[in-house]
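> Give me a 3D structure for the following:
(chains A and B)
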2 protein chains.
Amino acid sequence: MRSRIVIVGGGFGGLRAARALKRARADVTLLDRRNFHLFQPLLYQVATGELSPANIASPLRLLLRHHRNCTVLMSDVRDFDVTRQVVLTDKSEVPFDYLILACGASHSYFGHDEWEPHAPGLKTIEQATEIRRRILTSFEEAERENNPLRQRALLTFAVIGAGPTGVEMAGAISEIARHTLRHDFRRIDPADARVTLIEAGSRVLSSFPDDLSQRAAEALHRLEVELLLDTLVTHVASDHLILKSAEQSEKLETRTVIWAAGVAASSLVGKLAGETGATVDKSGRIQVDERLNVPGNGNVFVIGDAACCLDRSGEPLPGMAPVAMQQGQYAARAIRARMRSRPVDEPFVYRNRGSMAVIGRYHAIAVIGKRHLSGFPAWLVWGLIHLREITQFQNRLMVMMQWAWTFFSRRRCARLITGEDSRKIPLDSSGENA
Amino acid sequence: MRSRIVIVGGGFGGLRAARALKRARADVTLLDRRNFHLFQPLLYQVATGELSPANIASPLRLLLRHHRNCTVLMSDVRDFDVTRQVVLTDKSEVPFDYLILACGASHSYFGHDEWEPHAPGLKTIEQATEIRRRILTSFEEAERENNPLRQRALLTFAVIGAGPTGVEMAGAISEIARHTLRHDFRRIDPADARVTLIEAGSRVLSSFPDDLSQRAAEALHRLEVELLLDTLVTHVASDHLILKSAEQSEKLETRTVIWAAGVAASSLVGKLAGETGATVDKSGRIQVDERLNVPGNGNVFVIGDAACCLDRSGEPLPGMAPVAMQQGQYAARAIRARMRSRPVDEPFVYRNRGSMAVIGRYHAIAVIGKRHLSGFPAWLVWGLIHLREITQFQNRLMVMMQWAWTFFSRRRCARLITGEDSRKIPLDSSGENA
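This next block holds a predicted model:
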């Protein structure tokens, strides 16, 4: 009988695993709640109106249409039964001989889940269009507002967390205010907008070397992003934040807050941990062994943001697409070897080809091998690499054109306010405090 | 003092009026609930995953950024006070000397508003992405379904109303099933899908001449669309329709129904009619005089789908973009003349340059002057005209590329299932009846 391989999640890790199993004599089933693979590194460009959702999302079926051994099922996975070797979905049980859990991560509000409605994170297409809606609506509301204090609050944008996503978002919002919307309003000057980037640590992009952090901070300064370092957020409400630094506690009146701070593994990971007795780290990720297995379960792999996998120096690997993809590739190879009863000898080793973050339109920082790049050269490298990567999933020409258009015209094609306001408290009533 | 001109609605009519007032020595205010102008003739391509919302929607501010006399306010208009000459919005009162009402139309369910959740119409971006979600989800559900009867219902699509929108939708759904999704599923064959187009009248596209109706019906037949003429829909539920023809009453099991039948003027039109004592026709449109004024109110114009405007033969003009645009142009000219106390002499006359409808990928019908075109030549004319028209608002290259891509690859770039299911009844439970 052919082995049954079930992959949960069609992100970078899961999709790579499914593709690497193309010629395996097995029945592969890929389960995902969504019908598309999302190119998450460019999600911030959807949130800021530069790209459309369809530019960075590709139907999983389309990507796997020529993988005849692979069935894609749009399913909500609810639980696992490792003894009976089945995955439980909303509709049925899916039996497996090998399981790859690649369900990714969501945001952590450090115990303050009540903040989420006021400060959405950026993990899904819906969150991206919601953030886009909020940013654009704030300018619209400001144009209509006569009270200068409320107008000020509407034109104040706060991004919490100065990791790559936070820096990208803050840079892009400032760019929108100072360039994209320049001639569009009659009663306000969008360039008056205040964009603050709030970070609990002492520097931006702390996963990068010191000198690049410094460069990034300078670039943010040139973009007129206000950087609040060593600053904690102690309260998030619909119309203000409370910030706390060593010197003082401060109230920041703002209507648009973006959460780019904490990451937590999805709740599914907890289900598998409970089922297998695996250890989880403080972010809820499953501690895997050097073969990416849940200890004691040689047929269960956990990869990507769902896994806590230590590198040779004992540090956990970062939650990045290249890590997930290499792990997906490894898991697929390990399963194929085991199917031939030849277990893989060498443990998983992450080959670090570098990392980068973009700040505004022309600026990025990058570590490639031992080289530190910043400014326009880094931005070019960033653009070329992302263009190469996204075309594994997407129509290269479309993305290139959209970028070229935004670049030269500074226009943003996807500046649409769509959908309903997801906040419970309407802007009008909460304005009374301002 | 400068005259104050208020335009309600940024569709084809309202936007054209605002643009035609560019050099008027007046303060123009354009009020719209949305921040974008929608190129509605291509909305069905969003509903069928061919174009992204941003391809057919352009920010009103961007379109009017160089119109220094024009202020765009994103506002929900609630009512009018014609005596005090103010428009009442959700936030404030906007005073006017001249008013142009161009708020368009929505769908009419002929007194059965309870059908709407089961059979959405196609007027807004949200409706288009919701219809796209339903069509794609049906295929996904069918792939997971083991019960053949339910699978059959999931693969049955019903479009109600065989006007241009209905014909476009039915043709495109059939195209998706038989070409786009061809290699994408493992358990179902999408080509088994049944696409029905239900029409109460005796022919499709009844606003066109007989011979072209006939051609359109033949083209639909080749696309394997099942045409049910002289058939009334007497009930719409979450999982079936009841159809009634001269011979029989029939139950059609389907999970995806699209409403393309009735049109009703927006409720705002009723407010203005009540305020001015104007007559409304059976679709709720205001009967305007030959100068597009509400009788007795020389400073209030109603244009586009909100107006019932008779042509020389006494027939009401159809609800089409060219009518609205010519009316917008006329209203702007009339207001400019009146501001100079030189009222316009000639009444509004619609210059009919033709009309067309598209059926599938290569086929259209068109009436241009006295010429009747059908098939590929008509489709080419349709494509060129729409390309020319949309580029008044959009980036020509982007739309051309997207079309070329879909045309040659038969892929559809925007096949995303996003957002929440807007139906109250979950598919799973309602499936019990099937």
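> ok, residues contacting stretch A:355-370?
The contact list for stretch A:355-370 (Cβ atoms under 8 Å, 6 or more residues apart in numbering or on different chains) reads A:164, A:167-168, A:171-172, A:174-175, A:205, A:207-209, A:212, A:215-216, A:219-220, A:223, A:318, A:320, A:353-354, A:372-376, A:378-379, A:381-382, A:385, A:407. In short, each C-beta sits where N, CA and C put it, glycine included.
> Only the buried subset of those, as a PyMOL command please.
Command for PyMOL that selects the buried part of the contacts of stretch A:355-370, burial taken from 16 or more other Cβ atoms under 10 Å in any protein chain shown:
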select buried, chain A and resi 164+167+168+171+172+174+175+205+208+212+215+216+219+220+223+320+372+373+374+375+378+379+381+382+385
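> Burial check on residue A:29, number of neighbours?
22 (other Cβ atoms under 10 Å in any protein chain shown).
> Looks like it contacts residue A:71 (just checking).
Yes: look at residue A:29 against residue A:71 with Cβ atoms under 8 Å: they come within range, at 5.0 Å.
> Quick check: helices, which of the contacts of stretch A:355-370 are part of them?
Judged by DSSP state H, helices contain the following of those: A:164, A:167-168, A:171-172, A:174-175, A:212, A:215-216, A:219-220, A:376, A:378-379, A:381-382, A:385, A:407.
> would residue A:50 count as being in a strand?
No: applying DSSP: H, G, I helix; E, B strand; the rest coil, one finds residue A:50 to be coil, outside a strand.
> mind checking the backbone torsions on it?
Taking degrees, to the nearest 10, you get phi -90, psi -40 for the backbone angles of residue A:50.
> That one and residue A:116, how far apart?
25 Å (Cβ to Cβ, to the nearest Å).
> Residue A:334: what's its closest spatial neighbour, skipping adjacent residues?
residue A:344 (4.7 Å; Cβ to Cβ, 6 or more residues apart in numbering or on different chains).
> Give me the pLDDT for the one you found.
The per-residue pLDDT reported for residue A:344 equals 76.
> Just give me the neighbour total for it.
Neighbours of residue A:344 (other Cβ under 10 Å): 15.
> Please verify my assumption that it contacts residue A:333.
Yes: if you go by Cβ under 8 Å, residue A:344 and residue A:333 touch, sitting 6.4 Å apart.
> which residues do those two both contact?
Counting by Cβ under 8 Å, 6+ apart, nothing touches both residue A:344 and residue A:333.
> Compare residue A:50 and residue A:116 and say which is more crowded by neighbours.
Between residue A:50 and residue A:116, counted using other Cβ under 10 Å, the more crowded position is residue A:50 (26 against 14).
> any idea how far the more buried one lies from chain B?
10 Å (Cβ to the nearest Cβ, to the nearest Å).
> Got the phi and psi for residue A:232?
Torsion angles, degrees, to the nearest 10, at residue A:232: phi -100, psi 150.
> Please disregard the earlier target; I meant residue A:354.
Taking degrees, to the nearest 10 as the convention, residue A:354 sits at phi 120, psi 170.
> could you list every residue that touches it?
A:366, A:367, A:368, A:369.
> Close to chain B: what parts of the stretch 101-250 of chain A are there?
A:125-126, A:129, A:136-137, A:140-141, A:143-144, A:181, A:183-187 (Cβ under 8 Å from any Cβ of the partner chain).
> Nearest residue to the residue in the stretch 151-300 of chain A positioned nearest to chain B in space, ignoring adjacent ones along the chain?
For the stretch 151-300 of chain A, the residue closest to chain B is residue A:184, as judged by Cβ to the nearest Cβ, at 3.9 Å. Leaving aside its sequence neighbours, residue A:184 sits nearest to residue B:61 (Cβ to Cβ, 6+ apart; 3.9 Å).
> Could you do residue A:137 as well?
Closest to residue A:137 by Cβ to Cβ, 6+ apart is residue A:417, at 5.7 Å.
> For chain A, which segments count as helices?
In chain A, the helices defined using DSSP H lie at A:12-20, A:43-47, A:53-56, A:60-63, A:125-144, A:148-154, A:164-175, A:210-222, A:267-276, A:321-339, A:376-390, A:396-409, A:427-430.
> Adding mean pLDDT as columns, could you present those in CSV?
Formatted as CSV, the helices of chain A follow (pLDDT from 0 to 100):
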stretch, mean pLDDT
helix A:12-20, 97
helix A:43-47, 92
helix A:53-56, 87
helix A:60-63, 92
helix A:125-144, 95
helix A:148-154, 96
helix A:164-175, 95
helix A:210-222, 96
helix A:267-276, 94
helix A:321-339, 96
helix A:376-390, 87
helix A:396-409, 67
helix A:427-430, 32
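> of the residues of the stretch 101-250 of chain A next to chain B, buried ones?
Judged by 16+ other Cβ under 10 Å, buried ones among these: A:125, A:129, A:136, A:137, A:140, A:141, A:143, A:144, A:181, A:184, A:185, A:186.
> quick one: the fourth one from residue A:55, how far?
Right, the one you point to is residue A:137. In terms of Cβ to Cβ, residue A:137 sits 22 Å off from residue A:55.
> Same check on residue A:289?
Per Cβ to Cβ, residue A:289 is found 38 Å from residue A:55.
> And these two? Which one has more around it.
residue A:55 (26 against 16).
> isn't that one right next to residue B:52, touching?
Yes: with contact defined as Cβ under 8 Å, residue A:55 reaches residue B:52; the gap is 7.5 Å.
> what's the burial count for the nearest residue to residue A:81 once chain neighbours are set aside?
Distances taken as Cβ to Cβ, 6+ apart put residue A:88 closest to residue A:81, at 6.6 Å, once the chain neighbours are dropped. A total of 17 residues lie near residue A:88 under the criterion other Cβ under 10 Å.
> Dig out what residue A:88 forms beta bridges with.
Beta-bridge partners of residue A:88, counted by DSSP bridges, are residue A:79, residue A:93.
> got a list of what it touches?
So residue A:88 contacts A:77, A:78, A:79, A:80, A:81 (Cβ under 8 Å, 6+ apart).
> do you know how far it is from residue A:3?
Relative to residue A:3, residue A:88 is positioned 20 Å away (Cβ to Cβ).
> now swap in residue A:63 and tell me
22 Å.
> How about residue A:36?
27 Å.
> In terms of neighbours, single out the busier of these two.
For residue A:36 and residue A:3, the more surrounded residue by other Cβ under 10 Å is residue A:36, and the numbers stand at 25 against 17.
> Pretty sure that one sits against residue A:56.
No: using Cβ under 8 Å, residue A:36 makes no contact with residue A:56, being 9.3 Å away.
> give me every residue that touches the nearest residue to residue A:283 once chain neighbours are set aside.
Nearest non-adjacent residue to residue A:283, counting by Cβ to Cβ, 6+ apart: residue A:264, 5.5 Å away. Contacts of residue A:264 were listed using Cβ under 8 Å, 6+ apart, and they are A:105, A:106, A:107, A:108, A:283, A:284.
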